[in-house]
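>>> Everything below, folded, please.
(one chain, ligands or ions: 1)
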Amino acid sequence: MDHGGSGQAMEMTGMTGMTGMTGMTGMTGMTGMTGMTGMTGMTGMGSGSMSGMDHGAMAGMNHGAMNHGGMAMDHSQHAAAAGGLAVPSTTARHARTEYGASTDMRVDMARTNLDDPGIGLRNNGRRVLTLADLHTPSGPLDKRGPGREVELHLTGNMERYAWSLDGLEFGKSTPVHFKHGERLRVILHNDTMMTHPMHLHGMWSELESPDGRFLARRHTLPVQPAQRISFLVTADALGRWAWHCHLMFHMDAGMFREVVVS
Ligand SMILES: [Cu+2]
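Numbering: from 1, shown residues only. So this is what the prediction gives:
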């Protein structure tokens with residue numbers, strides 16, 4: 001499966017479904033998006049402005065190169081909640097850096113189900129492969145449970161066409177640190193209206209169900225709008241690794257982090 005391609009197609013489909021979005025009412029295609037807050041920037045999005053967007057030209061924009069010195073705060077690594085880590089946490093933890101011009105919305109009550117075909121592919125008579133269908137028969141590479149949780153939010157501002165993680169484009173961010181040999185849980189929480197196929201280089205992403213059961217070993221995991229997914233990583237590869245959205249125009253715009261394993 002080419003998730004970059006499918007994600008891109010999904011994005012365009014989602015765009016056309018949003019023509020009624022002068023307010024939050026009338027969003028018939030957007031099930032599960034009940035928890036959105038801070039969407040004041042979306043009121044001007046009539047169908048005309050959406051159809052006029054030129055995604056080809058946007059691919060050439062380099063927001064990642066913008067240097068906003070002094071903003072390299074990294075709130076991506078939240079301390080895990082006290083208590084067990086058997087199941088992934090469900091409480092949204094928005095970093096302080098999400099409250100800025102790079103983020104036009106935040107999802108407080110994300111959905112965690114993995115069986116959603118996605119916008120434009122629901123209930124149309126076709127069977128659609130979803131993340132819930134995937135299973136790696138040999139099981140996880142590492143039987144250990146996670147020692148901690150790292151929560152990272154997929155963020156953006158559609159009017160500015162800025163894409164980021166925790167509200168920080170790559171140029172403003174500092175690396176996420178994994179301790180060599182540790183087993184950790186990564187939670188990706190999508191605060192945008194786009195699907196983002198997220199690719200962590202160097203290590204496997206072992207997708208789990210909302211109740212913490214191993215599902216599948218992956219390189220890239222698509223995260224749908226207002227969705228919260230989690231996977232386990234064994235940090236067995238020393239060095240510096242890329243972690244980014246696999247839609248190249250999102251990556252270019254800043255949805256990219258460095259991971260350092262040491
Ligand atoms: Cu993306």
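>>> pLDDT weak spots in the stretch 151-262 of the chain?
Scanning the stretch 151-262 of the chain for pLDDT under 70 picks out no residues.
>>> Which elements pack onto whatever helix or strand residue 215 lives in?
For residue 215, the host element (DSSP states H and E) is strand 214-218. Packing partners of strand 214-218 (3 or more CB pairs under 8 Å, 6 or more residues apart in numbering; DSSP states H and E): strand 205-208. All C-beta spots, glycine's among them, are computed from the backbone N, C-alpha and C.
>>> So in that sheet, which strands flank the strand it packs on, and in what orientation?
Under the criterion DSSP bridges, strand 205-208 sits next to strand 214-218 (antiparallel), strand 228-234 (antiparallel) in its sheet.
>>> can you list the residues of the stretch 101-250 of the chain near the ion?
For the stretch 101-250 of the chain, the contact set with the ion under CB under 5 Å from the ion comprises 196, 245, 247, 250.
>>> buried stuff in the helix or strand that the last one is a member of?
The one in question is residue 250. Using DSSP H and E, residue 250 maps to helix 248-253. Under the neighbour-count criterion of 16 or more other CB atoms under 10 Å, helix 248-253 has 249, 250, 251, 252, 253 buried.
>>> Then stretch 175-194?
By neighbour count on 16+ other CB under 10 Å, the buried set for stretch 175-194 is 175-176, 178, 183-194.
>>> Compute the inter-axis angle for the helix or strand where residue 185 lies and strand 228-234.
For residue 185, the element it lies in under DSSP H and E is strand 183-190. Taking axes from the mean of the first three to the mean of the last three CA atoms, to 10 degrees, one finds strand 183-190 and strand 228-234 inclined to each other by 150 degrees.
>>> who's in contact with strand 183-190?
For strand 183-190, contacts defined as CB atoms under 8 Å, 6 or more residues apart in numbering pick out 85, 88-89, 92, 107, 110, 142, 144-154, 178, 196, 198, 200, 205, 208, 221, 223-235.
>>> try 6 Å this time
The contact list for strand 183-190, computed with CB atoms under 6 Å, 6 or more residues apart in numbering, reads 88, 110, 142, 144, 146-154, 198, 223, 225, 227-234.
>>> What strands flank that strand, and is each parallel or antiparallel?
Strand pairing for strand 183-190, determined by DSSP bridges: strand 149-157 (parallel), strand 228-234 (antiparallel).
>>> mind putting those in TSV, mean neighbour count and distance to residue 168 included?
Conversion of these to TSV gives the following (neighbours: other CB atoms under 10 Å; distance: least, CB to CB, whole Å):
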stretch	mean neighbour count	distance to residue 168
strand 149-157	24	8
strand 228-234	24	19
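>>> what would these look like in a markdown table with distance to residue 121?
Shown next, in a markdown table, are the strands paired with strand 183-190 (distance: least, CB to CB, whole Å):
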| stretch | distance to residue 121 |
| --- | --- |
| strand 149-157 | 20 |
| strand 228-234 | 18 |
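>>> What separation do you get for the residue nearest to residue 211 when sequence neighbours are not counted and residue 108?
Closest residue in space to residue 211, ignoring its immediate chain neighbours: residue 87 at 5.5 Å, by CB to CB, 6 or more residues apart in numbering. Noted for residue 87: a distance of 19 Å to residue 108, by CB to CB, to the nearest Å.
>>> Thanks a lot, see you next time.
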